[in-house]
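Colleague: no sequence on hand, only this structure:
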Ligand code: ARG
């Protein structure tokens, strides 16, 4: 990208955090610029970033461990100069929330401080965020056509804790948001910026008449476009002053950096596929369900919901295993597993564990080889005897035999692989 010749882009890499900005009066001022009070509940991917205790930026979670921000927020700082908070609407709530440890930072090596081209970087967190209603990654624009998306006229949302007036250096305690319009498509010129602005580098967004814009302190924050899910389309990068008619905000165009972002770590590219290798294991009165995550989900980006039928019991987890207690007995059970990530919910996979319930009638005192009981359960290959459950006084194991000691019901549980089989023997 060439340098701007006619005018110079005014960019301030960051802005001082003003502690006085937490005043109540601040909350009623318009902000970002031309916006209104927002909430982290509507922007749960947004994180607050402080550099060396004095400057601020925003970023967006694109996985539980990866924050995308502007390169100009990272250059000149070491990883331990940078602090990140997730899940807050007000910067003054920082002490109430868990600060996320920063493992490393990586500004795009092609970032040019003169032209602000390639203004993108990532912060890798030292541990994954806990996914909540206030902390949730955003989808990257993998499903779109980069040569046409986002088209001029598309509505977008910006948010940040930056200054709320071009003439006031105080940043906002409250997260502010504003609706903007994409003002130029990916190959079209932007406002009065002229031919030197490379549209492949930046999404041009704001209002044709000015007055609504991001500004100092909002850098690195998200420009979100609503598709079937919210999509990160751009990062607050630069602009000629703020909210000036003819000079919209310039947002690092995410579609131009998807391959680079994928090199920085595991990120989801689509809604999760159905899980595979579902196994339901009977653990006495409990059932353990395990599965394998499909490969397109990005590491740990998927939250799984397992539902037991007919009881309707549910288990929600980021891992790939769930345990169910107190399932109703005497009913055929089935379990469904579906993953959800920032792209949406994937297809459901289900399993009805083959808990065989064979009933045989045998006389008191009989000695039955475990092998035969296994064959009643349909197990012909080697079976491992696990337990004689629920009826320890009715029958007992002696070497490789089961001895029927009392009248009643003897239940023998056998396992082959991870599936359990139960054989009930009526002792008469
Ligand atoms: N560089 C600024 C920052 O570090 C963001 C500037 C955005 N300007 C604009 N007119 N949208 O906070």
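Modeller: Sure, I can see it. Note that the structure is a prediction, hence the values are computed from the model and not measured. Numbers count the residues shown, from 1 in each chain.
Colleague: tell me how far residue 47 lies from residue 206.
Modeller: Between residue 47 and residue 206 the distance is 23 Å, computed by CB to CB, to the nearest Å. C-betas here are computed from N, CA, C, even on glycine.
Colleague: compare these two (neighbour count), which wins?
Modeller: Neighbour count, other CB atoms under 10 Å: between residue 47 and residue 206, residue 206 has more, with 32 against 27.
Colleague: quick check, pLDDT for that one.
Modeller: Residue 206 carries a pLDDT value of 97.
Colleague: also residue 29?
Modeller: Note for residue 29: predicted pLDDT of 36.
Colleague: all strands of the stretch 51-200 of the chain, in order?
Modeller: Under the criterion DSSP state E, counting those that start in this stretch, strands of the stretch 51-200 of the chain are mapped to 55-61, 66-69, 82-86, 99-100, 102-107, 121-125, 155-160, 163-165, 168-171, 176-184.
Colleague: looking at those, which is closest to residue 303?
Modeller: In terms of CB to CB, the element of the strands of the stretch 51-200 of the chain nearest to residue 303 is strand 55-61, at 13.7 Å.
Colleague: the closest one vs strand 121-125, what angle?
Modeller: Strand 55-61 and strand 121-125 are oriented at 80 degrees to each other (axes from the mean of the first three to the mean of the last three CA atoms, to 10 degrees).
Colleague: counting by contacts, list what strand 55-61 packs against.
Modeller: Applying 3 or more CB pairs under 8 Å, 6 or more residues apart in numbering; DSSP states H and E, one finds that strand 55-61 contacts strand 46-51, strand 66-69, strand 230-238.
Colleague: which residues does the closest residue to residue 214 other than its chain neighbours form a beta bridge with?
Modeller: Leaving aside its chain neighbours, residue 214 sits nearest to residue 236 (4.2 Å; criterion: CB to CB, 6 or more residues apart in numbering). Taking DSSP bridges as the rule, residue 236 bridges to residue 251.
Colleague: which one of the helices and strands packed on strand 55-61 lies nearest to residue 115?
Modeller: Per CB to CB, nearest to residue 115 of those: strand 230-238, 9.1 Å.
Colleague: the closest one and the ligand, any residue contact?
Modeller: Yes - using CB under 6 Å from any ligand atom, we find that strand 230-238 touches the ligand at 236, 238.
Colleague: what residue in the stretch 301-428 of the chain comes nearest to the ligand?
Modeller: When scored by CB to the nearest ligand atom, the stretch 301-428 of the chain has residue 342 as its residue closest to the ligand, at 24.8 Å.
Colleague: what do you get for the stretch 151-300 of the chain?
Modeller: Closest approach between the stretch 151-300 of the chain and the ligand, counting by CB to the nearest ligand atom: residue 239, at 2.4 Å.
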